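*Asks:* sequence? don't have it. structure:
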């Protein structure tokens, strides 16, 4: 048997022994170094770069998912509760049917109600915007009234039309309203017209549904006092004022906003009672009290002060 030379046995061994472990150690150490690098500053930097808002969003998403079953259970309990309430109070089920019945009971009136917009040049833009809001209110109230009138806007143009185009483009799609650029005298017979003005000496005790009643579309804070009355005289048409003084004691002037006159007429068509119509519409700031109950001076004074503080919606 030949002997293996010790030099050859030891030499390579000495050369290989450090090499094999070293390679392994280097690989392992490199891997660990890579792991340390991955889990070290770079990852920390990644977490730190996430904003508070993003972290909150992730937390909320997690909470939302965890609470999904709870929310489902709560919705189920609410449905059961409402069901039990409806069963225990059957009369509440009549609300929806009453509303539908009211819609079926609507009987349109033949009465024509006109807002005369021919005073456009007498108003500043601020007041034109107020008139626009009043007209919007008239339209909304007429749409839900039990006896809606034949609603007209006449002499429509100028600042008012521009403001409506800018701030209420949907007006062109309004239903059950006649918006015309013509003057009302071009659309109605002269004998059918009656101008409603607080300066008229005539009192309107009854509404004639064959007539066309005109409301002056003017917000001027009494700068053009009596202008609607003078206009009626110049055009030779009938005129009258609502019977406000027969039922109401007021601590302010009797000039009402366009929408208040409009709503009072709608209320009268439904109730057939002027007193009820007035007090269902007149704002508290007007200081209005029933004529027979207007003996409490302190109460009238207080309401009068409220009226003086907020008189922006009035028109001539």
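*Replies:* Received the coordinates, thanks. Given the structure is predicted, the values throughout are model-derived calculations rather than measurements. Residues are numbered from 1 along each chain as shown.
*Asks:* Report the helix or strand with the lowest average pLDDT across this structure.
*Replies:* Using mean pLDDT, DSSP states H and E, the weakest-scoring helix or strand in the chain turns out to be helix 297-309, at a mean of 39.
*Asks:* low pLDDT regions in this protein?
*Replies:* 1-49, 89-104, 250-254, 284-288, 292-316 (pLDDT under 70).
*Asks:* now the helices for it?
*Replies:* 6-39, 41-49, 52-66, 68-88, 94-104, 125-144, 158-167, 227-235, 258-271, 274-281, 297-309 (DSSP state H).
*Asks:* just checking, residue 176 touches residue 144?
*Replies:* No: the pair residue 176 / residue 144 is not scored as a contact, 11.1 Å apart, by C-beta atoms under 8 Å. All C-beta atoms are positioned from the backbone trio N, CA, C, and that covers glycine.
*Asks:* residues near the residue lying closest to residue 180 once chain neighbours are set aside, how many?
*Replies:* With C-beta to C-beta, 6 or more residues apart in numbering as the criterion, residue 180 has its nearest non-adjacent residue at 5.4 Å, and that residue is residue 154. By other C-beta atoms under 10 Å, the residues close to residue 154 number 22.
*Asks:* Quick check, residue 154 in contact with residue 114.
*Replies:* Yes: using C-beta under 8 Å, residue 154 is in contact with residue 114, at 5.7 Å.
*Asks:* anything in contact with each of the two?
*Replies:* Common contacts of residue 154 and residue 114, defined by C-beta atoms under 8 Å, 6 or more residues apart in numbering, comprise residue 184.
*Asks:* State the number of residues packed around the nearest residue to residue 190 once chain neighbours are set aside.
*Replies:* Spatial nearest neighbour of residue 190, excluding adjacent residues (C-beta to C-beta, 6+ apart): residue 237 at 6.0 Å. Residues contacting residue 237 under the criterion other C-beta under 10 Å number 19.
*Asks:* Return the distance of residue 237 relative to residue 195.
*Replies:* Per C-beta to C-beta, to the nearest Å, residue 237 is found 6 Å from residue 195.
*Asks:* Also residue 224?
*Replies:* For residue 224, the distance to residue 195 - C-beta to C-beta - is 15 Å.
*Asks:* Can you pick out the residue with more neighbours from these two?
*Replies:* residue 195 (24 against 15).
*Asks:* The more buried one against residue 233, yeah?
*Replies:* No: if you go by C-beta under 8 Å, residue 195 and residue 233 don't touch, sitting 9.2 Å apart.
*Asks:* Find residues that contact each of those two.
*Replies:* Residues touching both residue 195 and residue 233 by C-beta under 8 Å, 6+ apart: residue 239.
*Asks:* thinking again about what came up before, overlap in contacts of residue 237 and residue 195?
*Replies:* Here residue 237 and residue 195 share the contacting residues residue 214, scored by C-beta under 8 Å, 6+ apart.
*Asks:* give me the number of residues near the closest residue to residue 175 other than its chain neighbours?
*Replies:* Excluding its sequence neighbours, the residue lying closest to residue 175 (C-beta to C-beta, 6+ apart) is residue 143, at 7.6 Å. Using other C-beta under 10 Å, residue 143 is surrounded by 13 other residues.
*Asks:* I'd assumed residue 151 was in contact with residue 143.
*Replies:* No: Residue 143 lies out of contact with residue 151 (C-beta under 8 Å); the separation is 9.2 Å.
*Asks:* Roughly how far does the residue lying closest to residue 109 once chain neighbours are set aside sit from residue 237?
*Replies:* Nearest non-adjacent residue to residue 109, counting by C-beta to C-beta, 6+ apart: residue 147, 4.5 Å away. The gap separating residue 147 from residue 237 is 24 Å, by C-beta to C-beta.
*Asks:* check contacts around residue 108.
*Replies:* 147-150.
*Asks:* how about a cut-off of 7 Å?
*Replies:* By C-beta atoms under 7 Å, 6 or more residues apart in numbering, the contact list for residue 108 reads 147-148.
*Asks:* Can you give me the separation between it and residue 85?
*Replies:* As judged by C-beta to C-beta, residue 108 and residue 85 stand 37 Å apart.
*Asks:* ok, now residue 237?
*Replies:* Applying C-beta to C-beta, the value for residue 237 to residue 85 is 57 Å.
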